[in-house]
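1. I'd like to go over a predicted model; first the sequence, then the structure.
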Amino acid sequence: MDCYTANWNPLGDSAFYRKYELYSMDWDLKEELRDCLVAAAPYGGPIALLRNPWRKEKAASVRPVLEIYSASGMPLASLLWKSGPVVSLGWSAEEELLCVQEDGVVLVYGLHGDFRRHFSMGNEVLQNRVLDARIFHTEFGSGVAILTGAHRFTLSANVGDLKLRRMPEVPGLQSAPSCWTTLCQDRVAHILLAVGPDLYLLDHAACSSVTPPGLAPGVSSFLQMAVSFTYRHLALFTDTGYIWMGTASLKEKLCEFNCNIRAPPKQMVWCSRPRSKERAVVVAWERRLMVVGDAPESIQFVLDEDSYLVPELDGVRIFSRSTHEFLHEVPVASEEIFKIASMAPGALLLEAQKEYEKESQKADEYLREIQELGQLTQAVQQCIEAAGHEHRPDMQKSLLRAASFGKCFLDRFPPDSFVRMCQDLRVLNAVRDYHIGIPLTYSHRYKQLTIQVLLDRLVLRRLYPLAIQICEYLRLPEVQGVSRILAHWACYKVQQKDVSDEDVARAINQKLGDTPGVSYSDIAARAYGCGRTELAIKLLEYEPRSGEQVPLLLKMKRSKLALSKAIESGDTDLVFTVLLHLKNELNRGDFFMTLRNQPMALSLYRQFCKYQELETLKDLYNQDDNHQELGSFHIRASYAAEERIEGRVAALQTAADAFYKAKNEFAAKATEDQMRLLRLQRRLEDELGGRFLDLSLHDTVTTLILGGHNKRAEQLARDFRIPDKRLWWLKLTALADLEDWEELEKFSKSKKSPIGYLPFVEICMKQHNKYEAKKYTSRVGPEQKVKALLLVGDVAQAADVAIEHRNEAELSLVLSHCTGATDGATADKIQRARAQAQKK
Amino acid sequence: MSPLDRIANVSILKQHEVDKLYKVESKPAVSSSEQLCFLVRPRIKNMRYIANLVNADKLAGRTRKYKVIFSPQKFYACEMVLEEEGIYGDVSCDEWAFSLLPLDVDLLSMELPEFFRDYFLEGDQRWINTVAQALHLLSTLYGPFPNCYGIGRCAKMSYELWRKLEDEEDGETKGRRPEIGHIFLLDRDMDFVTALCSQVVYEGLVDDTFRIKCGSVDFGPEVTSSDKSLKVLLNAEDKVFNEIRNEHFSNVFGFLSQKARNLQAQYDRRRGMDIKQMKNFVSQELKGLKQEHRLLSLHIGACESIMKKKTKQDFQELIKTEHALLEGFNIRESTSYIEEHIDRQVSPIESLRLMCLLSITENGLIPKDYRSLKTQYLQSYGPEHLLTFSNLRRAGLLTEQAPGDTLTAVESKVSKLVTDKAAGKITDAFSSLAKRSNFRAISKKLNLIPRVDGEYDLKVPRDMAYVFSGAYVPLSCRIIEQVLERRSWQGLDEVVRLLNCSELAFTDMTKEDKASSESLRLILVVFLGGCTFSEISALRFLGREKGYRFIFLTTAVTNSARLMEAMSEVKA
């Protein structure tokens, strides 16, 4: 404890800086770092080295080698560089390695050295070659800025959505700028460059000369410039060994420092954190490291080895062949607690807890002291916060223990900050582990990055089990957590070309099962992207939502399979989508054949055709030799589509032919009859006037009778073999309608009625002609006689007949018609007859 | 009345600055409005209508805004048509996921009368998704259904799709206490017979006679005994109607006259009242009495009108024939009755209905009758009905008996194939074969024709047969009763086989015993393809007997005429 602050170095009065080791590097570097092109990703990201970048010999042994390591020096990838000479390396925000070649082509590699894609920075760059390049990060993503041999700048603010911008020319620029950097202000990327004693700012439209306020005189050249992580601050290093520090807008000076070293520094980066007390710049030379800020003295470190600086949001990482260190301003909470002789509540609490463990009464004294000041809550908070800033688990623990101890004396301290810190630290320690090698600090990087992105990064490193454990530990909802990671795992799995399709599919299904939120179709899409169509189809089998299977199947040109999947889904809309796809993809014959095997799709398509493509519908039936439907089709056409009588008859003829082919003689005959009828109706219209077309046969005959054309009617009835019964009904109704009673009577006597004579009675009564009705009652057959007599209202006679018939049902029927006084006698008569019948 | 009227009537729409309402039909709407909004079912025909209108505007150089709202959902095919007609860019589309309209306290309707023709005739499965969505909606509202039963291909598909939806959106309903204990899904083609019978329960009879649309009926001048028609909502809120809706028609008159007497007595009470009592009476009771009086006179008017119509058509003869068909005796006589019916051109729809009833109860017509009845029908009602017959054949409603029994072996094989899920692939030619109705055998098995000693007392019914004057227990309701009793299809194998549904009857019960006994008495019955008021009455009766409460969900309320019209081809 006593020496805990030993590595603390004060800068000025207010701030301390400390440097501690993150890892001792595991890599076995043969070269010095200075012989390599180096790029390290921020947020504890991976390190890329390109060895022998400048050798141009063809021999394989001396070809450049691209190596990728984790921050702890674990090798992730190594590959021989076979493309053109590389000018610059850099990592994108998604942890993709961008390699800028001399010809302006940028090659993009994954974390594991897998080639992703490439893009060019344009013709101008290709012609003039790349002199220098920078990868920079903005809120939109990662950008590339290029200085060409013609001393012009080209940049793209987002490599994900490549839009090249050529910056305006710097007037009178003859040689390359001594140093330059990208700035990002108001969401626009600018370039700041130094030529001799002058500074120029390039934006979209113009090049303007700028002067930093309060710059010391006598500067003849700028050797180095540095922009802070957040683009808020700028530092300039001049040939006089003078450092100017100010805002990036060049409107305000923060401080200056004269280090008296005229040698150009190797690197200069900002070392600050949001809300830091002191803004400092770290300058590195070959063997010397200097932290300078608004203080007369600087902090100096000796570098034993060739080192490389990586600016972070809250400090600077420094790695060399053997170690990886972190340099940062000591956070407030830690400073309060650990500063020598600090009386801050946190410090006292830590002390109290230690005494308590020693079972010393001093614990009580310290605690009392804090409580008297009413600062216990603050003390606990301080300890919790400070724990987050510690790198070593033992220190984290002792601080958390202190916090937990203090918490006991508080009534209402919300536990979540403590719990969350414990959880977060656990996760952080896990990813900081040597084997994982993501040295994130708590306060800013971890919180800034968010747990989701951290999980993504673990997934990117193929650390699936750890990612899943973290998800489970933090109890993230499955859809955001475990499922997502499993899906990523599966996507990686399908890329293993040496494993057979069956094994991959089975392995994936075993792991994923029915985990909610996992989309098998996404995984299948990835498999398809890797050229493994068969595997993709196998994976799709596991997709429970048929709807999701279809689009990919269509993309893979498995339209028929897509069709059956769509049908299985029960979603007609989906089926239809596939159908139209198929229609364009296949020739007509094949398309029809496919439909033929899918009745659901067929009926759907028919529905569509019925309204939209009538001809196609016909072709469909033709193709299937579905003569029955074809016949129906033409029948419909005969009254829906055709208007001229010839056309209608022709349509009917086609229909009749089709029906014959369908062996539906009935329909064929009926159709032929209809043709005859149509022709005849036409003739009738011509000869007699009036409207006959489209009447049914029955109505045609009726119309003729009503028009007084009895002969014609009879002729028609004979021609069309109208059955007697129908004819009688028809005539009966028509004559009654005409009230032609004479003709009706004549008709009734023409021969014996096939429908009996009750209908005659009924129809007369319907026209309220009792007189005529009575004429027929006598001719009604015995079984209907009672009914007929009742109809004409002759209750007495009806009763007689019923009694004669000795029919119980008839008797009751008559009885029910007996009303009041008039039929009293009849009713009695019936009752007597009934009684008599019962006696017998 | 249309479903829209039930939700937002004209005055509400006017308040929202709707200028005028038009029906989407063959003739174009002439409107000077700057914006047109089409609220349509997603049908190609409607798209063409819209396209014609928009294109006509284009020709005339008019520009207005068009909005198409599809209910219950948009179909890709419709968008295709809009695109093919070149107006896709001119209209904006929207969806209104409206699927359930509560018509009464126990009746939900999807108001999709076209469901029947689309699915059972054209084999178009577009609405299955809609059904599944509706069920999903219900389960999000009322918790999961612990016991599910169903029969029929459509029922099975809907059920499976619904389950899929539930699985995809898991979590929501899980762990909730179920409020409805059972759900029963039933395809209309399981039981065409019941739907084809003449209805004699009051509500059914009103539907058959006046057509209830969307829970409301238009009573014409002959009912209202004035010169105006009157739109009347028929539901449980109408107290008079609520008491007679499920009654056999023969009881209704007696009931109404009793009611009238009671009402008169209540009116008469005011004679002996003093001023204070009178004041009370006027302020509290009079309004109710007047309301009741109004309703009473309406229903009496309706009854009279029904009586008049029914006696004119010799209703008794008709019912007698129907009963003979159901029981399967005097087939020859019934056939001649039907023939006469056709010859006399009584009504094309009625004739068709009787023919179908004959066909289904007899497992198809014998070839001679099949031909002659069809010929007669064509002669009476016009040749275009050749297509109607082809439709009926395809739907299995009117078929020809296979000559001899030699074919049955093949048929049973085919029907087995058809009921197989994989063999949804069987072409149309076979489908009618597969639909042998086996009505007679089923009727025997399920005891659908009650043995009656003496007169069936319609005033105090013993069983569900009362809805058909005691002559026949509705098959659909009997199936539901039997399954509920057994809580599964166990022991009904033979019936299921006779219904050609060996693979299509399902039970799904969740083990967890969360359902309260109260919820277990609640049963949701889903009729796919429509149900009739008689079936609803029968099940309401069953509910009262067994202590269940039924809730009905139907694609639409139907009756025999609607079924037949759906199958008919009429000249446009």
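-> Everything's here; your move.

2. for chain B, what's the longest helix?
-> The residue-count maximum for a helix in chain B (DSSP state H) belongs to helix B:286-312.

3. tell me how far the residue of the stretch 51-200 of chain A at minimum distance from chain B lies from residue A:141.
-> Chain B sits closest to residue A:161 of the stretch 51-200 of chain A, with a gap of 27.8 Å, by CB to the nearest CB. Where you see a C-beta, it was placed from the backbone N, CA and C, and this is true even at glycine. Distance of residue A:161 to residue A:141, computed by CB to CB, to the nearest Å: 8 Å.

4. neighbour count winner among these two?
-> More crowded of residue A:161 and residue A:141, by other CB atoms under 10 Å in any protein chain shown: residue A:141, with 15 against 9.

5. what comes up buried for stretch B:233-246?
-> B:233, B:234, B:235, B:238, B:240, B:241, B:244, B:245, B:246 (16 or more other CB atoms under 10 Å in any protein chain shown).

6. that should have said stretch A:388-400, apologies.
-> A:388, A:389, A:390, A:391, A:395, A:396, A:398, A:399, A:400.

7. need the residues you listed in CSV with pLDDT and secondary structure, can you?
-> Shown next, in CSV, are the buried residues of stretch A:388-400 (pLDDT from 0 to 100; DSSP: H, G, I helix; E, B strand; the rest coil):
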residue, pLDDT, secondary structure
A:388, 87, helix
A:389, 88, helix
A:390, 87, coil
A:391, 86, coil
A:395, 88, helix
A:396, 90, helix
A:398, 89, helix
A:399, 90, helix
A:400, 91, helix
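
8. just the ones of the buried residues of stretch B:233-246 in helices?
-> B:240, B:241, B:244.

9. pLDDT and distance to residue B:203 added to the buried residues of stretch B:233-246, as JSON lines?
-> As requested, the buried residues of stretch B:233-246 are arranged in JSON lines below (pLDDT from 0 to 100; distance: CB to CB, whole Å):
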{"residue": "B:233", "pLDDT": "90", "distance to residue B:203": "13"}
{"residue": "B:234", "pLDDT": "91", "distance to residue B:203": "7"}
{"residue": "B:235", "pLDDT": "90", "distance to residue B:203": "10"}
{"residue": "B:238", "pLDDT": "88", "distance to residue B:203": "11"}
{"residue": "B:240", "pLDDT": "89", "distance to residue B:203": "12"}
{"residue": "B:241", "pLDDT": "92", "distance to residue B:203": "8"}
{"residue": "B:244", "pLDDT": "92", "distance to residue B:203": "8"}
{"residue": "B:245", "pLDDT": "92", "distance to residue B:203": "4"}
{"residue": "B:246", "pLDDT": "92", "distance to residue B:203": "7"}
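
10. just name the closest of those to chain A, please.
-> Chain A lies nearest to residue B:244 out of the buried residues of stretch B:233-246, by CB to the nearest CB, at 24.8 Å.

11. low-confidence ranges in the stretch 351-500 of chain A?
-> A:443-446 (pLDDT under 70).

12. in JSON lines, list the buried residues of stretch B:233-246 along with distance to chain A.
-> Shown next, in JSON lines, are the buried residues of stretch B:233-246 (distance: CB to the nearest CB, whole Å):
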{"residue": "B:233", "distance to chain A": "34"}
{"residue": "B:234", "distance to chain A": "33"}
{"residue": "B:235", "distance to chain A": "33"}
{"residue": "B:238", "distance to chain A": "33"}
{"residue": "B:240", "distance to chain A": "29"}
{"residue": "B:241", "distance to chain A": "30"}
{"residue": "B:244", "distance to chain A": "25"}
{"residue": "B:245", "distance to chain A": "29"}
{"residue": "B:246", "distance to chain A": "28"}
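
13. still on that earlier bit, quick one: distance of the longest helix of chain B to the chain centre.
-> Centroid separation between helix B:286-312 and its chain, computed with CA atoms, centre = their mean, to the nearest Å, is 25 Å.

14. how about that helix: buried residues?
-> Buried-residue list, helix B:286-312, by 16+ other CB under 10 Å: B:286, B:289, B:292-293, B:295-303, B:305-306, B:310.

15. mind listing the helices for the stretch 401-550 of chain A?
-> A:416-432, A:447-460, A:464-474, A:482-493, A:501-512, A:520-529, A:533-542, A:546-555 (DSSP state H, counting those that start in this stretch).

16. before we move on, what about the stretch 201-350 of chain B?
-> B:202-210, B:221-224, B:239-244, B:249-268, B:275-280, B:286-312, B:315-327, B:331-343, B:348-361.

17. quick one: end-to-end distance for stretch A:526-533.
-> One end of stretch A:526-533 to the other measures 10 Å (CA to CA, to the nearest Å).

18. which residues touch that stretch?
-> A:490-491, A:494-495, A:497, A:501, A:504, A:535-536, A:539, A:552, A:555-556, A:558 (CB atoms under 8 Å, 6 or more residues apart in numbering or on different chains).

19. check stretch A:194-206 too.
-> A:153, A:165, A:167-168, A:170, A:173, A:175, A:177-180, A:183, A:188, A:190-193, A:207-212, A:219-222, A:225, A:236, A:250.

20. now swap in stretch B:553-560 and tell me
-> Contacts of stretch B:553-560 (CB under 8 Å, 6+ apart): B:100, B:103, B:107-113, B:115-116, B:127, B:131, B:134, B:138, B:188, B:195-199, B:204, B:207-208, B:212, B:349, B:353, B:524-533, B:562.

21. just the ones of the residues you listed in strands?
-> B:103, B:107, B:108, B:109, B:212, B:524, B:525, B:526, B:527, B:528 (DSSP state E).

22. quick one: the second one and residue B:535 touch, right?
-> By that I understand residue B:107. No - counting by CB atoms under 8 Å, residue B:107 stays clear of residue B:535, with 11.3 Å between them.

23. of those two, who's got more company?
-> Set residue B:107 next to residue B:535 and count neighbours by other CB under 10 Å: residue B:535 wins out with 30 against 20.

24. secondary structure element for the closest residue to chain A within the stretch 151-300 of chain B?
-> Of all residues in the stretch 151-300 of chain B, residue B:161 sits closest to chain A, at 4.6 Å by CB to the nearest CB. Residue B:161 is part of helix B:153-168, with elements assigned from DSSP states H and E.

25. quick check: residue A:520 vs chain B, distance?
-> 13 Å (CB to the nearest CB, to the nearest Å).
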